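**Q** Generate a structure from the sequence data that follows.
(chains A and B)
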There are 2 protein chains.
Amino acid sequence: MREKLLHSDIKFRGKVLEFRLDTVELVNGKTATRELVIHPGAVSIVALDGEKIIIVKQYRHPVGEILWEIPAGKLDPGEEPLHCAQRELYEETGCRAMDWKHLSTFYTTPGFSNEIMHLYLATGLVQEEQSLDEDEFLSVEKVSWQEAMSMIARGEIKDAKSIVGICLTYAVKTGRTVQS
Amino acid sequence: MREKLLHSDIKFRGKVLEFRLDTVELVNGKTATRELVIHPGAVSIVALDGEKIIIVKQYRHPVGEILWEIPAGKLDPGEEPLHCAQRELYEETGCRAMDWKHLSTFYTTPGFSNEIMHLYLATGLVQEEQSLDEDEFLSVEKVSWQEAMSMIARGEIKDAKSIVGICLTYAVKTGRTVQS
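**A** From the prediction side, this is the model:
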């Protein structure tokens, strides 16, 4: 079932992403091309302030919309995922968290990208000051579980990592999933 | 909060994806560059055979792993999402479904791509013959809800759209989400 990489053609190397056209050998011996994006990896955070979840609203140029998402960000080179999660939560919301728990690690788009997403649960929040990157503009809200699940059902939260984060945490919280 | 597109530089136009470097004007008047991927859009399907969910196993070159996922595929040019879902379910699993319901539409990676994912629930399955593309190799299994949720909890299902599909359907099925 595995494909063998025959040739890799880097079409563009950006500051964050690399765009590649790979030639692979299939299990039947034929060759095929694969268009793909090399991504540094990312983190996302379900941050709970008591019974409320922190969500952030920001403009996303690729989709041309303002979206509600859970806090998230890309790994810096060599950065540990947990450190990245702590940094991003602080930068985007001004919150430090006393307790951190790894919830899941998943691929966002394995069909065309290697982006890996490390999802954390952050509790015991202490509010300090937001510290955004200079090209980052976002606003922060806290919503109840019911409101977050309603926002997903109504299509107001329509970002995959946020849906994964909220649904998985809700399932764990309510004991409605089988834990490993 | 919105960014204004000043310039779009196409770095590579593939058969499926387009890689772009855009220059945008931020709300503070400064400019920034955005690396992004233009994607044709996709569908994914939670297909239920009685109390079992269909999952497919296939090699994903971008991540170099064999993954369990729900059936899915890219939209052909001009194709209606529901038609694409019916086509992909049939091609990948050999199943036709009597009943189709739209569950959700979400963005997989709004930070760097415009990929939109249309998620459907398919029930009333009739088994015919698998009809894969010539460069597609995958195997099909049926698992219980409990097994699917366990596979997510154990990290054996680690594809975002599949986690979204299974968790959302499970939440609706068990009446544990607020419906719109």
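**Q** which non-adjacent residue is nearest the most centrally placed residue in chain A?
**A** Centroid-nearest residue in chain A: residue A:44, 4.3 Å away (criterion: CA atoms, centre = their mean). Here the nearest residue to residue A:44 in space, its sequence neighbours aside, is residue A:72; by CB to CB, 6 or more residues apart in numbering or on different chains that works out to 3.9 Å. Yep, even glycine has a C-beta here, placed from its N, CA and C like the rest.
**Q** residues in contact with that neighbour?
**A** Residue A:72 makes contact with A:42-45, A:88, A:117, A:161, B:111 under the criterion CB atoms under 8 Å, 6 or more residues apart in numbering or on different chains.
**Q** got any ranges where chain A has weak pLDDT?
**A** Where chain A drops to pLDDT under 70, the residues are A:175-180.
**Q** so what are the domain limits for it?
**A** Residue ranges for the domains of chain A, per automatic domain parsing: A:4-38, A:42-173.
**Q** which stretches of chain A form helices?
**A** Applying DSSP state H to chain A gives helices spanning A:81-93, A:145-153, A:160-173.
**Q** Of those helices, which stretch is the most buried?
**A** Stretch with highest mean neighbour count among these: helix A:160-173 (a mean of 23; mean count of other CB atoms under 10 Å in any protein chain shown).
**Q** so who does the residue nearest to residue A:17 when sequence neighbours are not counted touch?
**A** Sequence neighbours aside, residue B:35 is the residue nearest to residue A:17 in space, at 4.6 Å (criterion: CB to CB, 6+ apart). The contact partners of residue B:35, by CB under 8 Å, 6+ apart, come to A:14-17, B:19-21, B:112.
**Q** Bridge partners for residue B:35, pull those for me.
**A** Counting by DSSP bridges, residue B:35 is bridged to residue B:21.
**Q** same question, residue A:13
**A** With DSSP bridges as the rule, residue A:13 is bridged to residue A:18.
**Q** got the helices of chain A as TSV, with distance to chain B columns?
**A** Output for those, formatted as TSV (distance: least, CB to the nearest CB, whole Å):
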stretch	distance to chain B
helix A:81-93	12
helix A:145-153	4
helix A:160-173	4
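**Q** quick one on the thing from earlier: among the domains of chain A, show me which one is buried the most.
**A** Most buried of those, by mean neighbour count (mean count of other CB under 10 Å): domain A:42-173, with a mean of 19.
**Q** Figure out the length between the terminal residues of that one.
**A** Between the start and the finish of domain A:42-173 there is a gap of 24 Å, counting by CA to CA, to the nearest Å.
**Q** Check whether residue A:63 really touches residue B:107, as I assumed.
**A** Yes - using CB atoms under 8 Å, residue A:63 is in contact with residue B:107, at 5.5 Å.
**Q** if I look at these two, which residues touch both of them?
**A** With contacts taken as CB under 8 Å, 6+ apart, residue A:63 and residue B:107 have B:114, B:116 as neighbours in common.
**Q** check contacts around residue A:95.
**A** Neighbours of residue A:95 in contact, by CB under 8 Å, 6+ apart: A:47, A:49, A:54, A:89, A:122, A:125-128.
**Q** Please repeat the previous calculation with a cut-off of 10 Å.
**A** Under the criterion of CB atoms under 10 Å, 6 or more residues apart in numbering or on different chains, the neighbours of residue A:95 are A:45, A:47, A:49, A:54, A:71, A:86, A:89, A:122, A:124-130, A:140.
**Q** beta partners for the nearest residue to residue A:138 once chain neighbours are set aside?
**A** Counting by CB to CB, 6+ apart, the nearest residue to residue A:138 once its immediate chain neighbours are dropped is residue A:58, at 3.8 Å. In this structure, residue A:58 bridges to residue A:67, residue A:138 when assessed by DSSP bridges.
**Q** still on that earlier bit, quick one: the contacts of residue A:72 as TSV, columns for distance to residue B:102 too.
**A** TSV is the format used below for these (distance: CB to CB, whole Å):
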residue	distance to residue B:102
A:42	28
A:43	31
A:44	26
A:45	30
A:88	33
A:117	25
A:161	21
B:111	25
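**Q** which among these gets closest to residue B:27?
**A** Among the contacts of residue A:72, residue B:111 lies closest to residue B:27 (CB to CB), at 17.9 Å.
**Q** How much space separates the closest one from chain A?
**A** Distance of residue B:111 to chain A, computed by CB to the nearest CB, to the nearest Å: 7 Å.
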